[in-house]
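> Could you work out the structure for the sequence below:
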Amino acid sequence: MSGIRAVPDGGDHADRAARARQDQSAQLAALIQRSGRGDERAFAALYDAVVRRLHGLVLRVVRDPAQAEEVTQEAMVEVWRQSARYDPALGSPLSWLMTIAHRRAVDRVRSAEASSRRDTTYHQQNQSIDHDATAEAVAQNLEGHRVRQALASLTDTQRGALELAYFGGYTHTEVANLLDIPLGTAKTRIRDGLIRLRDTLGADHE
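Residues are numbered from 1 along each chain as shown. Next comes the predicted model:
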């Protein structure tokens, strides 16, 4: 019988993993709350605990290592400034942190796109005007503006999940892991956000 090995209980492993996530979430929440009271040592500990994960998210969005470093630092500065406003009742601490980092990353991408459009416009204005191309560009800009307005109508939780899935390119499972929420919750937020986007954009055409 000595050659028989005990088979680990899958349920026990899952329970331990769940408890570990809960413990980590509680620790992060405590560090954020202490940071909100001006505790610099708590913020340093929070920084060490999450900066690599936030950087990974930012890098996937901006796709440029140098810019990702900058955006990650900007996000951590915002975390320090906003930490007093963190409310555990509105979501997990990791979800709150990832949302801040993702918004910063998306803002950087939009800023780069706007700069690129300005350069393109300058070159177009100094060349002969192609009316068909100009009309197409205007239509695309208007459509992008409508989509951004529609996104602004979503709840923070819906918008965060939707942006990760469709702007960040993450799978539903990855969104759930990044936001530290169950997979079913992530799917629900994405689905509800899409429904609301469709309704908002559809209403604009009426």
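
> And the helices in this structure?
Secondary structure of the chain (DSSP state H): helices located at 10-36, 40-62, 65-82, 93-125, 131-152, 156-166, 172-179, 183-205.

> Which of those helices has the lowest mean pLDDT?
Mean pLDDT is lowest for helix 131-152 out of these, coming in at a mean of 53.

> circling back: tell me the most buried of the helices of the chain?
Among the helices of the chain, the stretch with the highest mean neighbour count (mean count of other Cβ atoms under 10 Å) is helix 156-166, at a mean of 21. Just so you know, the C-beta spots here come from the backbone N, C-alpha and C atoms, and that holds for glycine as well.

> Okay, angle between that helix and helix 40-62 too, please.
50 degrees (axes from the mean of the first three to the mean of the last three Cα atoms, to 10 degrees).

> for helix 156-166, packing partners?
Counting contacts by 3 or more Cβ pairs under 8 Å, 6 or more residues apart in numbering; DSSP states H and E, helix 156-166 packs against helix 93-125, helix 131-152, helix 172-179, helix 183-205.

> How about residues contacting the shortest one?
Where contact means Cβ atoms under 8 Å, 6 or more residues apart in numbering, the residues beyond helix 172-179 that reach it are 57, 91-92, 94-95, 98-99, 160-161, 164-165, 170, 182-183, 185-187, 190.

> domains of the protein?
Domain assignment for the chain, taken from automatic domain parsing, gives 21-127, 129-206.

> Distance-wise, check Arg103 relative to Glu40.
Distance of Arg103 to Glu40, computed by Cβ to Cβ, to the nearest Å: 24 Å.

> now swap in Ala186 and tell me
Ala186 is 34 Å from Glu40, by Cβ to Cβ.

> Also Arg34?
On the measure of Cβ to Cβ, Arg34 and Glu40 end up 10 Å apart.

> Find the residue at the geometric middle of this protein.
His102 (3.3 Å; Cα atoms, centre = their mean).

> Looks like that residue contacts Gly160 (just checking).
Yes - counting by Cβ atoms under 8 Å, Gly160 is a contact partner of His102 at 6.7 Å.

> re earlier: in JSON lines: the domains of the chain, plus distance to Asp12.
Below are the domains of the chain laid out as JSON lines (distance: least, Cβ to Cβ, whole Å):
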{"stretch": "domain 21-127", "distance to Asp12": "15"}
{"stretch": "domain 129-206", "distance to Asp12": "20"}
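
> Perfect, that will be all.
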